[in-house]
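In: Quick one: sequence and predicted model below, then my questions.
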Amino acid sequence: MMKKNKLIPYIYVGLFLFVILIILLENSYLLIDQTSTNITETSWLDAEKLIYSIIAGAKQSIDSVQLTEQQVQRHIKKIAGMIDRLYIEADAKAEEEFKDILKNYKIIAFSIHNGKGNLLYALNLDDLPPELQKTDTLAFPSPKKPDPDDRSSGNSRVMNQLKTDMADSTRNLQMLTIPRIVSPLSPSANPGFIHIYFGDEKLEEVRARIGLQLLINSLENQNVIQHVSFMNDQLMIIADYEPSRVGTLDEKLDNLDALNKGLTYKYYNQTNETQTFVHSIQLTPDTRGVFRVTFRMTGLKQIYSNTSKITIINSIIIMVMASISAMIMLIFHRRNINRMDAMEKKIRENEKLVSLANLTAGVAHEVRNPLNSISITIQRLQMEFTPRNKADEDEYIMLTATMKNEVDRINAIITDFLDFAKPFKPNDTFFDLEDFIEENISFLSAEAQKTNIQIHKFVSASQTLFLGDREKLTQVLLNLFFNALEATPQGGTISIYSDITKDKNWQLKIEDTGEGISDQNFKHIFDIYFTTKKTGTGLGLYICRKIIQAHDGSIELRPNPTRGMTAIVTLPIKSS
């Protein structure tokens, strides 16, 4: 039961630290999670602001483009090259692919002619004005074979001519004539030409392509942006960080939803530390497109990692502080428990002493009276009834002396019991410490010579006056001296040290070279009735401690490093 009570404080400390640990873990998790959420939300907000600035910049970039005929011709020439290659490689799916080109590149119609101007293939000519349909269907005059160094200017003249002829058309049609690809087998032959018909919608799309590519080029220096891609209403890429992707289709589902439903998609790729946004954009007054932008978020992971480290370190510091606090509390608790145990022990001891004092006082009083009578009787026997026979006289004197000594010993024991039972208050008087010590050492030296024990004294010369009960302190010193004498074998030594400490205390040490005290008996040396002597009462050291404590001092016994014990008495020097 006692062991269980001793474990209770440790159980409480363990529970306290466990609760603190749980709270710290939960708070750390919530803080790290909240930090991650806040960082992510902040990054989304910053990215959204950047997106809207890109949208505004895209509109400004498109509006700032001053479209030239040369820019239009270069773009139409690329389309004509695609049509020509597809016609040469014609298969069953060629017509569908021609339609996709018209739809994706905002072309109204086209026609392919041979070197003599005869029509080879045409698509969507029905959408052209009747007069142009007739002309293109029958034949179109073969243009003069352009000079390779002046191909763009020749195309420009044809385009301007059509502009003039179709100025009143509701669709504001324009046409460019592009020479077909020259065959490597007959480079001198006239391969023919391709008519490309388009309107304002195509011009706006070309302007958008140029403006958006200029915007992308200006964003390449932005380290935070990893990739930007713009698509038209057919999800064809018209401007991109990677020019090789221009003209390809990106028909992802999120691109389609952003185009048709106006939804905005955003993704966070933790592996690559990137954020991707998909957003719709107005490319031309009549055309809506989509742009896709990816941002680098390399700093987020570092911020998150730093925050996590700081949180964990702070949690560890708090846990260590809590552990230290708990250990300090446990130490103070143990001290208080020890004090309470000492107080309880002292209370029990006092209760026992009170009961023993009452019993001892009564018994001692009743025993002492018969002892006095016996002592007086023995004295009379020795004085008045000595046998006349010399042999009987010696034996008679020896027996009566033994009886007298035993009676005196019993009387001394009763006196010890009475001293033990009575409350003690020192009768303080001033006396010289050096004289006091020398007087007691002289008495001890005489006794030590009987057993050939050497006395070594180390007394500091001091004329210090000490305030205390000289008689009782003499009793203490003699008790300790005789304990040392009884413990020290013949031929041994006893060392006596007397000195004034720095904190103004008188300290007396009595060191013997006896066998010492076993560990089992050592913890009981100040207990009542405990003794290792055959004729001891077990009250000597207890009474010594009682006298020393009444002088506000302390007494202790310590085992020597080699052999024997050392008794240490420490008493404060009082001025009054």
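Out: Looks like it came in fine.

In: Outline the domain layout of this protein.
Out: Here the domain parsing of the chain from automatic domain parsing is 69-197, 206-299, 339-421, 429-572.

In: Include distance to residue 324 when you put these into a markdown table, please.
Out: No exception for glycine: its C-beta is placed from N, CA and C like everyone else's. Output for the domains of the chain, formatted as a markdown table (distance: least, CB to CB, whole Å):
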| stretch | distance to residue 324 |
| --- | --- |
| domain 69-197 | 73 |
| domain 206-299 | 37 |
| domain 339-421 | 23 |
| domain 429-572 | 31 |
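
In: Just tell me which of these ends up closest to residue 61.
Out: Among the domains of the chain, the nearest to residue 61 by CB to CB is domain 206-299 (4.1 Å).

In: what's the distance between that closest one and the middle of its chain?
Out: Distance, stretch centre to chain centre, for domain 206-299: 43 Å (CA atoms, centre = their mean, to the nearest Å).

In: Make CSV out of the domains of the chain and add mean pLDDT, distance to residue 18 and mean neighbour count.
Out: As requested, the domains of the chain are arranged in CSV below (pLDDT from 0 to 100; distance: least, CB to CB, whole Å; neighbours: other CB atoms under 10 Å):
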stretch, mean pLDDT, distance to residue 18, mean neighbour count
domain 69-197, 70, 68, 16
domain 206-299, 86, 33, 17
domain 339-421, 74, 27, 13
domain 429-572, 82, 36, 16
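
In: For the stretch 1-150 of the chain, which segments count as helices?
Out: For the stretch 1-150 of the chain, the helices defined by DSSP state H, counting those that start in this stretch cover 2-63, 69-88, 94-104, 130-138.

In: Which other helices and strands does the longest one contact?
Out: Going back to what we said before, that points to helix 2-63. Other helices and strands packing on helix 2-63, by 3 or more CB pairs under 8 Å, 6 or more residues apart in numbering; DSSP states H and E, are helix 200-219, strand 225-231, strand 265-269, strand 274-284, strand 287-296, helix 298-384.

In: do the same with the third one
Out: Judged by 3+ CB pairs under 8 Å, 6+ apart, the packing partners of helix 94-104 are helix 69-88, strand 109-113, strand 119-123.

In: Now do that helix and strand 119-123, the angle between them.
Out: 60 degrees (axes from the mean of the first three to the mean of the last three CA atoms, to 10 degrees).

In: how about the CA coordinates for helix 94-104, as CSV?
Out: Output in CSV follows, covering the C-alpha atoms of helix 94-104 (Å, rounded to 0.1, in the frame of the first residue of the first chain):
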residue,chain,number,x,y,z
ALA,A,94,-9.4,14.6,-96.6
GLU,A,95,-12.8,16.4,-97.0
GLU,A,96,-13.4,16.3,-93.2
GLU,A,97,-9.9,17.6,-92.6
PHE,A,98,-10.5,20.4,-95.1
LYS,A,99,-13.6,21.4,-93.2
ASP,A,100,-11.7,21.4,-89.9
ILE,A,101,-9.1,23.7,-91.4
LEU,A,102,-11.9,26.1,-92.5
LYS,A,103,-13.5,26.0,-89.0
ASN,A,104,-10.4,26.2,-87.0
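
In: how far does that helix sit from the chain's center?
Out: Centroid separation for helix 94-104 versus its chain: 64 Å, with CA atoms, centre = their mean.

In: Indicate which one of the helices of the stretch 1-150 of the chain is closest to residue 289.
Out: Residue 289 lies closest to helix 2-63 among the helices of the stretch 1-150 of the chain, at 9.6 Å (CB to CB).
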